[in-house]
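# have a look at this prediction, sequence included:
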Amino acid sequence: AQKVTQAQTEISVVEKEDVTLDCVYETRDTTYYLFWYKQPPSGELVFLIRRNSFDEQNEISGRYSWNFQKSTSSFNFTITASQVVDSAVYFCALSGGGSNYKLTFGKGTLLTVNP
Amino acid sequence: GAVVSQHPSWVICKSGTSVKIECRSLDFQATTMFWYRQFPKQSLMLMATSNEGSKATYEQGVEKDKFLINHASLTLSTLTVTSAHPEDSSFYICSARDLALANTGELFFGEGSRLTVL
């Protein structure tokens, strides 16, 4: 069975602070995919990143960066110099490889960035 | 990127009526679509996997007779909530897998449909 744990239910920071959202996953698949999504108050899911299990390189995209460590089954997400517009719920998700693309979502982390 | 469109975006209905939600892949073919439900302040829970031309596969605890799924073409899946009750009020989101991008793990999500049952 697959499982995604986002231990942080809510995080509140002041604008320009850096913030890291944690994600720990469990799977028996050797091939799998990890995702991060942003869900603003309007509800739609905004895709941020997809990473396959064979690519452990960290990635940076503007103020966003991701740290994938298979040894600890973690896929953490850092926002540098946070902005008010970053306020949203962030979901980490996991899907298997092959023909199984069902996504298992974590419970989400509500990030509030205060001015 | 690929676009998945859901309709309606929001719907209010009376208890006991049925509501149909459409999920369309606008610029790609999707043999598989997924339906999720999200209650307020909770995560997304997979309800069912919709396969074009065959019966949907429902997750444990999801009533297949209450949540009817039809995937009659490669670009359209529908979810019908039959005899809706207030406890069915939720945010329903679909996602689709592009046939041409099989084995990449890539999925595309619709905008979601917010159902309120009075």
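Nice, I can see it. From a predicted model like this one, the values you see are computed outputs, not experimental measurements.
# for the chain, which spans come out with low pLDDT?
Assuming you mean chain A. Applying pLDDT under 70 to chain A flags residues A:97-100.
# try chain B instead
B:1, B:102-103.
# which residues in it form strands?
Ranges of strands in chain B, per DSSP state E, are B:4-7, B:10-13, B:19-25, B:32-38, B:44-51, B:57-58, B:67-73, B:76-81, B:90-97, B:108-109, B:113-117.
# nearest to residue A:104, of those strands?
strand B:44-51 (7.7 Å; Cβ to Cβ). Yep, even glycine has a C-beta here, placed from its N, CA and C like the rest.
# got a list of what residue A:8 touches?
Contact analysis of residue A:8 by Cβ atoms under 8 Å, 6 or more residues apart in numbering or on different chains lists A:21, A:22, A:109.
# roughly how far does the last one sit from residue B:6?
It refers to residue A:109. Shown here: residue A:109 relative to residue B:6, a distance of 25 Å by Cβ to Cβ, to the nearest Å.
# for chain A, what's its nearest residue on chain B.
residue B:105 (3.6 Å; Cβ to the nearest Cβ).
# three-state assignment of the residue nearest to that residue when sequence neighbours are not counted?
Excluding its sequence neighbours, the residue lying closest to residue B:105 (Cβ to Cβ, 6 or more residues apart in numbering or on different chains) is residue A:33, at 3.6 Å. Recorded secondary structure, residue A:33: strand (DSSP: H, G, I helix; E, B strand; the rest coil).
# residues of stretch A:105-115 that come out buried?
A:105, A:106, A:107, A:108, A:109, A:111, A:113 (16 or more other Cβ atoms under 10 Å in any protein chain shown).
# the residues you listed in strands, which ones?
Reading strands off the buried residues of stretch A:105-115 with DSSP E, I get A:105, A:109, A:111, A:113.
# which ones are touching the residue in chain A that chain B sits nearest to?
Nearest residue of chain A to chain B (Cβ to the nearest Cβ) works out as residue A:33 at 3.6 Å. Taking Cβ under 8 Å, 6+ apart as the criterion, residue A:33 is in contact with A:50, A:51, A:52, A:53, A:94, A:95, A:96, A:97, B:105.
# so what's the residue most central in space within chain B up against?
Central residue of chain B (Cα atoms, centre = their mean): residue B:35, 3.5 Å from the mean position. Residue B:35 is in contact with B:23, B:46, B:47, B:48, B:50, B:67, B:69, B:77, B:79, B:92, B:93, B:94, counting by Cβ under 8 Å, 6+ apart.
# of those, keep whichever come out buried.
Buried among those by 16+ other Cβ under 10 Å: B:23, B:46, B:47, B:48, B:50, B:67, B:69, B:77, B:79, B:92, B:93, B:94.
# residues contacting the fifth one?
For residue B:50, the contact set (Cβ under 8 Å, 6+ apart) comprises B:32, B:33, B:34, B:35, B:56, B:69, B:70, B:71, B:77.
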